[in-house]
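Student: Pasted the sequence and its predicted model underneath.
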Amino acid sequence: MPVALKSNLCCAGVETHCGSKLLAGYRPPYDATCVERLVAAGAVIVGMTHMDEFGMGSSSENSAYGVPRNPWDDARTPGGSSGGSAVAVAAGLVPLALGSDTGGSVRQPASLCGVYGLKPTYGRVSRYGLVAFASSLDVVSPFARSARDLELVLGVISGADERDSTCQPLPPIEPERPAEPRRLTGLRVGVARPYVEAAAPGVRAACDAALARLAQLGAELVPVDLPHTEYAIPTYYVVATAEASSNLARYDGVAYGRRVTGDGTLQGMFAATRDAGFGAEVKRRILLGTYVLSAGYHDAWYGRAQRVRTLVREDFERAFAEVDLVAGPTSPTVAFRLGERAADPIAMYRSDACTVPTSLAGLPALSLPAGFAAAEDGRELPVGLQLVAPALQDARLMRVARALEDVLDAPARRAPAFGGAR
Amino acid sequence: MSGLVREGLEWVSQATGTRWVAVIGLEVHAQLSTRTKLFCGCAYEFGAEPNTRVCPVCTGQPGSLPVLNAEALELAVRAALALGCEVAPRSKFDRKNYFYCDLPKNYQITQYDRPYCSGGGIDLDSGRRVRLERIHVEEDAGKAIHDRGDATLVDFNRAGVPLIESVTHADLCCPEDAGAYLAALREILVYVGASSADMEKGELRCDVNVSVHPAGEPWRTKVEVKNLNSFSNVEASIEYEIARQVAAWESSDPADHPVQETRLWDAGANRTRTMRKKEGEADYRYFPEPDLPPVSVTPALLEATRALLPELPAARRARYQRELGLSAYDAGVLTAARDVADFFEAAARLSGAPKDACNWITNEVLRALSGDEVAATSVDELPMKPHDLSELIALVRGGTLSASAARQVVRAMMQSGKAAGELVVELGLEQVQDDGELERWCREALAGREAIAAQVREGHEKALGALMGPVMQASKGKANPQKVREILLRLIQEG
Ligand SMILES: [Zn+2]
């Protein structure tokens, strides 16, 4: 089976540049665990896909190597940071692709491109060989065109790995095989009020319609509040940038990657290499992360963010005491125009309002093609419905997605491979 | 910097009469004797070709992740227990962020606010106790090589090697305290197998904090000294710093007063030099290492480690003096290395003659090991085992073997590993008990030595020794000395 990889998954001997000039020509000496397992299971790696530099972005525009376009409308973004992998699957170039999801980097592009994307429970898929952005949030995550294909790929890449100490010592994820796969009787689904409220009307309508289908299958819908959702974005940008500032410190021109000599001193080489190699968004986040960890600011920023992260996690714990799944829109909007948010980092950060909370909580979350909504220019664009499950209940997400797949129209609609151009 | 006279633990300024005291603390890095590095499977080897003991993890390749080496934790716990520290059931790793070319990730994985152990300490022979504040586990950096032309080269072989850093309270009062503490620490680490602690190989590295103040006054600014690669450097640098700081404080110009700084020891010039002045603390932006879960030391691991802990050298020394009647000197020699002490105890137990065992080991075995007459360089490598020595002791005590013959047997045993009894026969060393032959050797010895015989007759029995020698020589050490003595006395009286 042909599989495409986001350019931050190490593939021995193959250029893995993470969308960064700094890693131009970098060929890792080893395979990521997920790559090794895919190849062992018979997959053929057909190529590496575009991404925001080091995973930092929501539109795949922060890349040193060009910008992928949404196959439904090539003036629009496929989302990000795993935009290239989403496009490869949506355009039918490959049936499966891997990305990585740190704050929504697989779910949001899946939603914007009309395909399936699953962020497994943190620690369920080995991160060994995934180039780190934010270690406590990064999860290797697949794109597919059906829930069954997600089950297939998860069965291969998930499970214990002694090379990643944060990977849980559990067997691979097994699909649920209920006696009545098309019935969801007794399933309690909490509709995430803050996600619905954040969504544009068209997105909301498409999600409502999909949720109605869920109810027709027997699920019971109840509203859930998740009161700390509004703090998730700022918290995420403190935690993720703090970790990133340290994770990206290794790109100094010494042992690998691009080197710029600068003024000839060691510090000069570090500064010149990093100045020339990193793009603007990466620099912004390294500065932010360095600041929030600095003496005197550490507790007010990093320390407080850790405490808020716990509150966000507890939101979900309370919700899951009452419901089996949480549901809501994956992205507040349909695909936006390329360049539209590039100059406004805060607007770009808000693209992940519905996906970041589950990343902070480490929970499994799936985006499925729920329907379509009209963009401001009238063009019909895909809308994703996000399902969130308690930790380790990844299989439940895919079982419910499977049941919905048969009753929704959206999953069957295909983007024209090269027909998105006007 | 003259004009400072030491009186005990005080340094008296000749110029002002002020009595100065020193406050000293040590930070010691010891390399753990693990088979592989702290977070990867590479085996470190001192002196290996540069960058041949490396992998994606210890060179910080993108996407690589650390995995804690369980053996490192075990050895660290062993060291902690031997030093009387309290081991925390849960601790964690943190990242210490700073940029340097020998640090592959530009952060070091270390333990910041929750180290794996705290407390403990070492009692010095001076009677002072040096308390430990904490010990933590961390990874070593690589090595930057600056002396190859224009370029700086980096060798990552050492990157990721496991270290324990122990930090003392400022309990030391003089240079000798530092030397004694380091020697005791080194001995314990080597004894329990936690570290080889060879300073020349960089397996033990020491940084010193020194300050001085007039007796009875509050403590003053402390200065850190680095680049100390021998015990004598450590002591010399402290001696130097005390003198330098006193002179600086006594300067009339406050601009000369000591400042908080890091200084380097220049062994060639026998002095310290400023390395960097501190403008506030360096900001390492510590935060918990997200790639590693918290570290658990279970009660089971703690107990298993404790059970394997050998009796420590100080305790052994005391016991040898108390229970076996050995001198402090002999007890010290025997316990300096664990394998020697183990060998001694086995031989003493088997022979029931601890003093004899002690004499043979200190006089013959250790001497042979330090020379080149045997191939072995340690007691463990010797083909001779404790039961061989015990058999030899029995032969000497039973009168079968003279002391000088026994020496030949011991040397042969150390080379061949053959049993003592076998060698006695092989070398023809059984004592001659035959009275006729003994008497013939004695008469030969007396011939021409009438003066000695006369002395003996006058009651100076000690003079007999001058006759024993020739007899033993003639018999090639095989004559039974007791019998020779009796025969000589009889012949002299008869004579
Ligand atoms: Zn290694």
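Tutor: Structure received.
Student: Tell me the pLDDT of residue 321.
Tutor: You didn't pick a chain, so chain A it is. At residue A:321, the model reports a pLDDT of 98.
Student: ah, I was thinking of chain B
Tutor: pLDDT for residue B:321: 94.
Student: ranges for the helices of chain A?
Tutor: A:33-40, A:83-90, A:107-113, A:147-157, A:193-198, A:201-216, A:232-247, A:266-277, A:280-293, A:298, A:304-320, A:345-350, A:356-361, A:394-405 (DSSP state H).
Student: Pipe these into TSV and attach mean neighbour count and distance to residue A:177 per row.
Tutor: In short, each C-beta sits where N, CA and C put it, glycine included. Converted to TSV, the helices of chain A look like this (neighbours: other Cβ atoms under 10 Å in any protein chain shown; distance: least, Cβ to Cβ, whole Å):
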stretch	mean neighbour count	distance to residue A:177
helix A:33-40	22	22
helix A:83-90	32	25
helix A:107-113	35	24
helix A:147-157	22	10
helix A:193-198	19	30
helix A:201-216	19	20
helix A:232-247	24	34
helix A:266-277	18	49
helix A:280-293	20	43
helix A:298	18	49
helix A:304-320	18	23
helix A:345-350	16	39
helix A:356-361	28	25
helix A:394-405	23	8
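Student: and the nearest residue to residue A:306 once chain neighbours are set aside, how far is that from the ion?
Tutor: Among residues not flanking residue A:306 along the chain, residue A:239 sits closest, at 7.2 Å (Cβ to Cβ, 6 or more residues apart in numbering or on different chains). For residue A:239, the distance to the ion (Cβ to the ion, to the nearest Å) stands at 28 Å.
Student: Residue B:194 now?
Tutor: Taking Cβ to the ion, one finds residue B:194 at 21 Å from the ion.
Student: Surely that residue and residue B:83 touch.
Tutor: No - in this structure residue B:194 lies outside contact range of residue B:83 using Cβ atoms under 8 Å: 9.6 Å.
Student: Compare the two and say which is more crowded by neighbours.
Tutor: residue B:194 (26 against 22; other Cβ atoms under 10 Å in any protein chain shown).
Student: give the contact list for that one.
Tutor: B:30, B:32, B:33, B:75, B:76, B:78, B:79, B:82, B:164 (Cβ atoms under 8 Å, 6 or more residues apart in numbering or on different chains).
Student: Now do the strands in the stretch 201-350 of chain B.
Tutor: B:204-214, B:223-228, B:261-266, B:271-277, B:287-288, B:295-296 (DSSP state E, counting those that start in this stretch).
Student: excluding its backbone neighbours, what's nearest residue B:39?
Tutor: residue B:66 (3.4 Å).
Student: residue in the stretch 301-450 of chain B nearest to chain A?
Tutor: Residue nearest to chain A within the stretch 301-450 of chain B: residue B:301 (17.2 Å; Cβ to the nearest Cβ).
Student: contact partners of the worst-scoring helix or strand of chain A on mean pLDDT?
Tutor: When each helix and strand of chain A is scored by mean pLDDT, DSSP states H and E, helix A:345-350 comes last, with a mean of 86. Under the contact criterion Cβ under 8 Å, 6+ apart, helix A:345-350 has outside partners A:57, A:58, A:59, A:233, A:237, A:281, A:284, A:332, A:341, A:342.
Student: Report the distance from it to the chain centre.
Tutor: 16 Å (Cα atoms, centre = their mean, to the nearest Å).
Student: wait, what's in contact with the residue of the stretch 301-450 of chain B closest to chain A?
Tutor: Residues in contact with residue B:301 (Cβ under 8 Å, 6+ apart) are B:74, B:77.
Student: And the pLDDT at it?
Tutor: 93.
Student: can you check residue B:470 too?
Tutor: 85.
Student: Name the nearest residue to it, ignoring sequence neighbours.
Tutor: The nearest residue in space to residue B:470 (Cβ to Cβ, 6+ apart) is residue B:445, at 4.2 Å.
Student: you'd agree that neighbour is up against residue B:479?
Tutor: No - using Cβ under 8 Å, residue B:445 is not in contact with residue B:479, being 10.3 Å away.
Student: Between these two, which is the more surrounded one?
Tutor: residue B:479 (27 against 22).
Student: residue contacts, the more buried one?
Tutor: B:402, B:431, B:432, B:438, B:441, B:471, B:472.
Student: out of those, who has the most neighbours?
Tutor: residue B:402 (25 neighbours).
Student: gap between that one and residue B:478?
Tutor: Using Cβ to Cβ, to the nearest Å, residue B:402 is found at 7 Å from residue B:478.
Student: what residues are shared contacts of those two?
Tutor: residue B:431.
Student: picking that back up, wait, which of the strands of the stretch 201-350 of chain B is closest to the ion?
Tutor: Proximity of the strands of the stretch 201-350 of chain B to the ion was assessed by Cβ to the ion; the nearest stretch is strand B:295-296, lying at 19.8 Å.
Student: isn't residue A:57 right up against residue A:82?
Tutor: No - contact criterion Cβ under 8 Å: residue A:57 and residue A:82 do not qualify, at 10.1 Å.
Student: pLDDT weak spots in chain B?
Tutor: For chain B, the stretches with pLDDT under 70 are B:1-2, B:278-281.
Student: May I have the phi/psi pair for the residue in chain A sticking out farthest from the centre?
Tutor: Distance from the C-alpha centroid of chain A peaks at residue A:264, with 39.9 Å (Cα atoms, centre = their mean). Dihedral pair for residue A:264: phi 100, psi -10, per degrees, to the nearest 10.
Student: That one and residue A:21: what is the separation?
Tutor: On the measure of Cβ to Cβ, residue A:264 and residue A:21 end up 21 Å apart.
Student: isn't residue A:228 right up against residue A:317?
Tutor: No - with contact defined as Cβ under 8 Å, residue A:228 does not reach residue A:317; the gap is 11.7 Å.
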